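Participant: My questions are about this predicted structure, shown below with the sequence.
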Amino acid sequence: MVVNSVHWFRKGLRLHDNPALLEALNGADTVRCVYILDPWFAGAANVGINRWRFLLEALEDLDSSLKKLNSRLFVIRGQPTDVFPRLFKEWKVTRLTFEYDPEPYGKERDGAIIKMAQEFGVETVIRNSHTLYNLDRIIEMNNNSPPLTFKRFQTIVSRLELPRRPLAPITRQQMDKCCSKISDNHDQLYNIPSLEELGFQTSGLPPAVWRGGESEALDRLGKHLDRKVWVANIEHPRVSTCSLYASPTGLSPYLRFGCLSCRVLYYNLRELYMKLRKRCSPPLSLFGQLLWREFFYTAATNNPNFDRMEGNPICVQIPWDQNPEALAKWAEGRTGFPWIDAIMTQLRQEGWIHHLARHAVACFLTRGDLWISWESGMKVFEELLLDADWSVNAGSWMWLSCSAFFQQFFHCYCPVGFGRRTDPSGDYIRRYIPILKYYPNRYIYEPWNAPESVQQAANCVVGVHYPKPMINHAEGSRLNIERMKQVYQQLSHYRGLSKSQPEDTGYMYNIPGMLKSVCGHFEFRFLYWDKYHYIG
């Protein structure tokens, strides 16, 4: 029997550690690698130009790598449900392979494609490689419910075997055995579109700070694992001014798009640690961000409403304010707080901000100052962040707004003091808010307190050249803490929330009219990300 395989790339945009692609090659006579791109989606989706540029660069890199294996990437416009029937017939497909997508939307989409493939007599082969662990197994070990505390999640993961070791990259020899003929007009039929073709205006677009693709990801991984840098990061993981800038060793966008396998990162970290420290068991901090990623994926996988308040069984129903004007000022970096505005400017320009910076602006928007729903902030991050991931993005916003997972609402980031402790000189602010560059260090975090003579000498008068603070932080945060206290007082067992409740059960239950939270609070030390190995 002739086996004609199609491998469907979605995330997992790489040739290393790609078990589904390997299944496509196994015993096949022909293999074609496809990526389905819906041009309408580019204009309709809440995805900004930096994320689209990163994706297109990743596709170009993937196509270039496939060329070296005597193959090509077939980029096809349309919806999967419209595209596949045509491909099944035209290419006489007998096998379809793809990476397992653990998110609710992806599972629904893939279910429809699997059913369609069956109707065409096409075998479907699905393999897990976007997460370290089998999420369904974690849920099964927690009495068929996702663990909703990180402590409980750790306990379950500690009982599992180590993640599967990553597979070697696909070779020319493997591809040659089942290579499909590439037509002379391939570039006309299956080319990767430009940003302009997708409707984006690129005039004045600065060069990408983060270049997409597997090749860049593996190069960064090598730098990330540089012995001196790596040891320093483990032994002295303090956040400094340099940490706030995009790093040539940062990896988070590459994990999000699957340009880098999480298992490759996991085992590289593990093996290097054991080699250098000669210890059998690396500490949790070594894999901190990878495990939090798994934690949020597990919490979201069976919850299609994970990204919203309505219908979300784990989300506290907080009566947030509706304030479009305040939301716009926050999103556009016009709050009048230089630390917050610098972060949001960096996000819009580069598509990335440090995790502690994310904490600062998320707290400011929600429970800290503006009392605006985390859903609004999540959508802004979804548009602008290169590494915005549906599960992790929504989970992080619920957590930082004290809507789920974490209830220590009395801890609040100061939009002046927190930045000043991180970057006392204010160089970060001068880089992203250049109108303030001539302010002395003393006033750069609170220019409204500078005497008028200092403001004039700096060529920046507050209220004229730079906005006044949009809120009194001391009063706003105090009011919001009281609001949070009232919300949690309405929840059953509020008094025992942090100590007497069964923290390691990790469940949340719905009761009529309100949410009863019995999940223990997160370790507050995690708010200070410098305790954990940082992967950018």
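Facilitator: Yep, it's here. Numbering: from 1, shown residues only.
Participant: which stretches of the protein form strands?
Facilitator: Counting by DSSP state E, the chain has strands at residues 4-9, 30-37, 73-77, 95-99, 123-127, 508-511, 514-517.
Participant: got the buried residues for the third one?
Facilitator: Neighbour-count burial for strand 73-77 flags 73-76 (criterion: 16 or more other C-beta atoms under 10 Å). Using the backbone N, CA and C atoms, a C-beta is placed for each residue, glycine as well.
Participant: could those residues go into TSV alongside pLDDT?
Facilitator: TSV is the format used below for the buried residues of strand 73-77 (pLDDT from 0 to 100):
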residue	pLDDT
Leu73	98
Phe74	98
Val75	98
Ile76	97
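Participant: Can you name the residues that contact Ile340?
Facilitator: 330, 333, 360-361, 364, 415 (C-beta atoms under 8 Å, 6 or more residues apart in numbering).
Participant: Let's see that with 6 Å instead.
Facilitator: Applying C-beta atoms under 6 Å, 6 or more residues apart in numbering to Ile340 gives the contacts 361, 364, 415.
Participant: Of those, which count as buried by neighbour count?
Facilitator: 361, 364, 415.
Participant: so which of these comes closest to Met484?
Facilitator: Of all the buried ones among the contacts of Ile340, Phe364 has the smallest distance to Met484: 14.7 Å, by C-beta to C-beta.
Participant: Return the residues in contact with the closest one.
Facilitator: Phe364 makes contacts with 340, 415, as judged by C-beta under 6 Å, 6+ apart.
Participant: same check, this time on Thr124
Facilitator: Thr124 makes contacts with 96, 114, 117, as judged by C-beta under 6 Å, 6+ apart.
Participant: let's see 10 Å
Facilitator: 8, 95-98, 110, 113-118 (C-beta atoms under 10 Å, 6 or more residues apart in numbering).
Participant: so how far is Leu160 from the closest residue to Leu365 other than its chain neighbours?
Facilitator: Excluding the flanking residues, the one nearest Leu365 by C-beta to C-beta, 6 or more residues apart in numbering is Gly377, at 4.7 Å. Distance from Gly377 to Leu160, counting by C-beta to C-beta, to the nearest Å: 33 Å.
Participant: How about Gly12?
Facilitator: Between Gly12 and Leu160 the distance is 22 Å, computed by C-beta to C-beta.
Participant: picking up where we left off before, check the buried ones among the contacts of Ile340 against Phe84 and report the nearest one.
Facilitator: Nearest to Phe84 among these: Val361, at 40.9 Å, using C-beta to C-beta.
Participant: just the helices in the stretch 351-500 of the chain please.
Facilitator: For the stretch 351-500 of the chain, applying DSSP state H, counting those that start in this stretch gives helices covering 355-363, 374-384, 390-400, 417-422, 427-432, 452-457, 473-489.
Participant: Using TSV, please lay out the ones you listed together with mean pLDDT.
Facilitator: Output for those, formatted as TSV (pLDDT from 0 to 100):
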stretch	mean pLDDT
helix 355-363	95
helix 374-384	97
helix 390-400	96
helix 417-422	94
helix 427-432	98
helix 452-457	98
helix 473-489	92
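Participant: Kindly reformat those as JSON lines containing distance to Asn302.
Facilitator: JSON lines is the format used below for those (distance: least, C-beta to C-beta, whole Å):
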{"stretch": "helix 355-363", "distance to Asn302": "25"}
{"stretch": "helix 374-384", "distance to Asn302": "19"}
{"stretch": "helix 390-400", "distance to Asn302": "11"}
{"stretch": "helix 417-422", "distance to Asn302": "36"}
{"stretch": "helix 427-432", "distance to Asn302": "40"}
{"stretch": "helix 452-457", "distance to Asn302": "55"}
{"stretch": "helix 473-489", "distance to Asn302": "26"}
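Participant: Identify whichever of these lies nearest to Leu135.
Facilitator: For Leu135, the closest of the helices of the stretch 351-500 of the chain is helix 390-400, at 9.9 Å, according to C-beta to C-beta.
Participant: Does anything pack onto that closest one? Which helices or strands?
Facilitator: Applying 3 or more C-beta pairs under 10 Å, 6 or more residues apart in numbering; DSSP states H and E, we find helix 390-400 packed against helix 104-119, helix 252-256, helix 288-300, helix 355-363, helix 374-384.
Participant: Identify, out of those helices, the most deeply packed stretch.
Facilitator: helix 252-256 (a mean of 25; mean count of other C-beta atoms under 10 Å).
Participant: Return the distance of that one from the chain's centre.
Facilitator: Relative to its parent chain, helix 252-256 has a centroid offset of 7 Å by C-alpha atoms, centre = their mean, to the nearest Å.
Participant: quick one: average pLDDT of it?
Facilitator: Here helix 252-256 scores 97 as its mean pLDDT.
Participant: Just the C-alpha atoms of it, please, in PDB.
Facilitator: What follows is helix 252-256, C-alpha atoms only, in PDB (Å, rounded to 0.1, in the frame of the first residue of the first chain):
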ATOM      1  CA  SER A 252      10.100  32.400  25.800                       C
ATOM      2  CA  PRO A 253       8.800  33.400  22.300                       C
ATOM      3  CA  TYR A 254      10.500  30.300  20.900                       C
ATOM      4  CA  LEU A 255       8.800  28.000  23.400                       C
ATOM      5  CA  ARG A 256       5.500  29.600  22.600                       C
END
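Participant: Please name the residues that touch Trp8.
Facilitator: Residues counted as contacts of Trp8 (C-beta under 10 Å, 6+ apart) are 20-21, 24, 32-36, 80, 83-84, 87, 96-99, 110, 113, 124, 126.
Participant: Tell me if I'm right that Thr131 and Ala300 touch.
Facilitator: No. Taking contacts as C-beta atoms under 10 Å, Thr131 lies outside contact range of Ala300: 11.4 Å.
Participant: Thank you kindly, that will do.
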